[in-house]
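Engineer: requesting a structural model of the entry that follows:
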Amino acid sequence: MSERIIKTNEFLGESYTKISHESGLDIYVFPKKLTTTFAVFGTKYGSIDNKFRLKGEKEYIEVPNGIAHFLEHKLFDNENGPDTFSRYAEVGANANAFTSFDKTAYLFSCTENFRESLEILLDFVTKPYFTDKTVQKEQGIIGQEIRMGEDSPGRVLFFNLMKALYEKHSVQISIAGTVESIAEIDADLLYKCYNTFYNLNNMVLCVCGDVDIDEVVSVANSVLKKSPECEIERYFDEEPGNVSKEKITAKMQVAKPLFDIGLKDVDIPSEPCMRLKKAAGMAVLNEVMFSKSSSIFNDLYNEGLISGNFDYCYTISSSFAFNEISGESSDPEKVYGRVREYIKEMQAKGIDEKSFERCKKVIFADFIKSFDSTEEIACEMMSYIFEGCDLFDYAEVIKDLELDYVNLLLKEMFDDSFFAISTVCPL
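Structural biologist: Residues are numbered from 1 along each chain as shown. The predicted structure follows:
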């Protein structure tokens with residue numbers, strides 16, 4: 001029998017049901033009376049997981065870079081009958097998939113025929129079909145995708161920053177891999193990775209919309225078979241504390257130079273709840289320091305050093321974390337210097353209570369707004385679960401965030417040895 005737990009957050013006025021399904025899969029159903037229903041079926045397996053073993057195995061296996069993304073593409077193949085996208089088209093659902101550094105997800109949205117759409121999702125993801133012939137064909141398709149990525153200034157800018165920040169961690173490698181690395185992939189390797197990471201105990205299903213919980217469980221009962229218990233051990237090379245290289249530049253077809261200033265975070269809490277607190281603290285800190293109401297944005301903008309495109313983001317996972325500030329400028333080096341000077345000034349004086357409270361409200365409002373979208377709810381739920389947390393935890397963490405903690409982050413995070421900059425300049 002499947003066990004059910006209802007979790008409610010009184011402050012948000014929201015609740016969801018967690019079903020521990022007998023197959024080993026955890027299913028989360030978030031009822032929301034919106035026009036679109038959204039479902040995401042994900043595995044805790046991304047591009048960084050290229051060295052692993054199951055508990056009890058003696059040796060780690062090392063697989064080619066880009067294999068998680070390759071596997072995502074190949075799962076849409078069916079041994080018999082129409083391909084998966086054709087099946088979705090017949091029931092009027094929109095389907096997609098993505099691979100990130102630490103997860104792979106298969107998803108659909110629909111306004112009708114939910115049961116049929118969910119059956120397709122659970123069916124094709126749990127029925128792999130790989131042959132060396134179809135793998136060879138896909139190598140050509142993904143090779144083309146990789147070459148297109150090499151022509152994308154935004155992608156080159158970001159992954160050059162990762163190469164600058166990281167010396168050994170696989171986060172520096174493009175999610176799709178390289179033309180050379182995917183040439184090493186064969187059907188046997190795909191099955192090895194599939195059987196390791198697509199175990200239902202390593203996966204979650206998150207559904208959000210105007211759906212019936214019993215119907216979701218009924219579909220799971222009819223499609224899913226029990227997975228054996230498994231424990232995956234992932235291996236990452238020990239990463240040095242300082243950055244690999246402070247500056248990397250590329251020349252491409254861009255109208256104006258692009259920059260991405262990165263800050264390597266080497267102090268990653270082992271506890272998921274503390275990583276969540278740090279993510280919330282950095283979100284508030286970034287909002288105070290780099291939003292369009294900040295002095296650095298206005299000074300650089302008024303001097304014509306940056307355009308209105310000025311973005312900032314903090315990313316944290318259990319094995320890597322970094323902060324980035326990006327935009328376009330006629331003089332990226334000058335912007336880099338000014339940003340670092342500004343950070344030193346902020347460290348000296350600290351953040352004041354008024355700015356802290358204002359930006360905390362902005363972050364909280366953004367979080368509340370995400371509950372207007374079934375897609376955002378389902379995808380965020382999956383991300384929090386894979387990080388060992390809960391969607392509702394973030395609301396409490398933001399509410400409890402204190403100024404002293406954010407000022408401590410400001411002092412400890414922005415060390416000189418953790419900075420790097422990637423630029424893409426016109427040819």
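Engineer: doesn't F364 fall inside a helix?
Structural biologist: Yes - F364: assigned to a helix according to DSSP: H, G, I helix; E, B strand; the rest coil.
Engineer: so how far is E229 from it?
Structural biologist: Remark: distance between F364 and E229 (Cβ to Cβ, to the nearest Å) = 39 Å. Every C-beta, even on glycine, is put in place using the N, C-alpha and C of the backbone.
Engineer: looking at those two, which one has more neighbours?
Structural biologist: Taking neighbours as other Cβ atoms under 10 Å, F364 and E229 compare with F364 leading, 18 against 9.
Engineer: excluding chain neighbours, give the residue nearest to that one in space.
Structural biologist: The shortest distance from F364 to any non-neighbouring residue, by Cβ to Cβ, 6 or more residues apart in numbering, is to I398 (5.0 Å).
Engineer: which residues does the one you found contact?
Structural biologist: By Cβ atoms under 8 Å, 6 or more residues apart in numbering, the contact set of I398 is 280, 284, 360, 363-364, 367.
Engineer: run the last query once more with 6 Å
Structural biologist: When contacts are counted by Cβ atoms under 6 Å, 6 or more residues apart in numbering, I398 touches 280, 363-364.
Engineer: wait, T84 sits on F76?
Structural biologist: Yes - if you go by Cβ atoms under 6 Å, T84 and F76 touch, sitting 4.5 Å apart.
Engineer: who has more neighbours, those two?
Structural biologist: For T84 versus F76, neighbours defined as other Cβ under 10 Å are more numerous around T84 (21 against 17).
Engineer: contacts only, for the more buried one.
Structural biologist: Shown in contact with T84 (Cβ under 6 Å, 6+ apart): 76, 124.
Engineer: and for the strand or helix carrying F98, what's in contact with it?
Structural biologist: Take DSSP states H and E as the rule and F98 turns out to sit in strand 94-99. Applying Cβ under 6 Å, 6+ apart, the external contacts of strand 94-99 come out as 68-69, 72, 88, 105-109, 175.
Engineer: between these, which is closest to F310?
Structural biologist: Set against F310, the nearest of these by Cβ to Cβ is I175 (25.0 Å).
Engineer: SS state for that closest one?
Structural biologist: Put simply, I175 is coil when judged by three-state DSSP.
Engineer: now it: closest residue in space that isn't a chain neighbour?
Structural biologist: S47 (4.2 Å).
Engineer: next, that neighbour: phi, psi?
Structural biologist: When quoted as degrees, to the nearest 10, the phi and psi of S47 stand at phi -70, psi -20.
Engineer: what does I232 give?
Structural biologist: The phi/psi pair for I232 (degrees, to the nearest 10) is phi -100, psi 130.
Engineer: quick check, pLDDT for it.
Structural biologist: Turning to I232, the model gives it a pLDDT of 96.
Engineer: and it, how many neighbours?
Structural biologist: For I232, using other Cβ under 10 Å, the count is 16.
Engineer: give the contact list for it.
Structural biologist: Contact analysis of I232 by Cβ under 6 Å, 6+ apart lists F52.
Engineer: the same query, at a cut-off of 10 Å, please.
Structural biologist: Taking Cβ atoms under 10 Å, 6 or more residues apart in numbering, we find I232 in contact with 44-45, 49, 52-55, 196-197, 199, 201-202.
Engineer: likewise for F11?
Structural biologist: 368, 392, 395-396, 399.
Engineer: burial count for D311?
Structural biologist: Counted by other Cβ under 10 Å, the residues lying close to D311 total 11.
Engineer: Three-state assignment for it, please.
Structural biologist: Going by three-state DSSP: D311 is strand.
Engineer: looks like it contacts I325 (just checking).
Structural biologist: Yes - checked against Cβ atoms under 10 Å, the pair D311 and I325 is within contact range at 7.3 Å.
Engineer: which residues do the two both contact?
Structural biologist: Shared contacts of D311 and I325, counting by Cβ under 10 Å, 6+ apart, come down to 260, 286, 290.
Engineer: from F322, how far off is the second one?
Structural biologist: With distances defined as Cβ to Cβ, the gap from N286 to F322 amounts to 12 Å.
Engineer: then the last one?
Structural biologist: F290 sits at a distance of 15 Å from F322 (criterion: Cβ to Cβ).
Engineer: following element in sequence after the host helix or strand of N160, please.
Structural biologist: Using DSSP H and E, N160 sits within helix 153-165. Later in the chain than helix 153-165, the nearest helix or strand by DSSP H and E is helix 179-182.
Engineer: what helices and strands are in contact with that next one?
Structural biologist: helix 67-74, helix 132-150 (3 or more Cβ pairs under 10 Å, 6 or more residues apart in numbering; DSSP states H and E).
Engineer: how about the first one as PDB, C-alpha atoms only?
Structural biologist: Read it as helix 67-74. Output of helix 67-74 as PDB, limited to C-alpha atoms (Å, rounded to 0.1, in the frame of the first residue of the first chain):
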ATOM      1  CA  ILE A  67      25.900  11.200 -21.200                       C
ATOM      2  CA  ALA A  68      23.000  12.400 -18.900                       C
ATOM      3  CA  HIS A  69      21.800  14.800 -21.600                       C
ATOM      4  CA  PHE A  70      22.300  12.200 -24.300                       C
ATOM      5  CA  LEU A  71      20.200   9.800 -22.300                       C
ATOM      6  CA  GLU A  72      17.500  12.400 -21.900                       C
ATOM      7  CA  HIS A  73      17.300  12.600 -25.700                       C
ATOM      8  CA  LYS A  74      17.200   8.900 -26.300                       C
END
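Engineer: state the mean pLDDT of that helix.
Structural biologist: Here the average pLDDT along helix 67-74 is 96.
Engineer: relative to strand 94-99, how tilted is it?
Structural biologist: In terms of direction (axes from the mean of the first three to the mean of the last three Cα atoms, to 10 degrees), helix 67-74 departs from strand 94-99 by 160 degrees.
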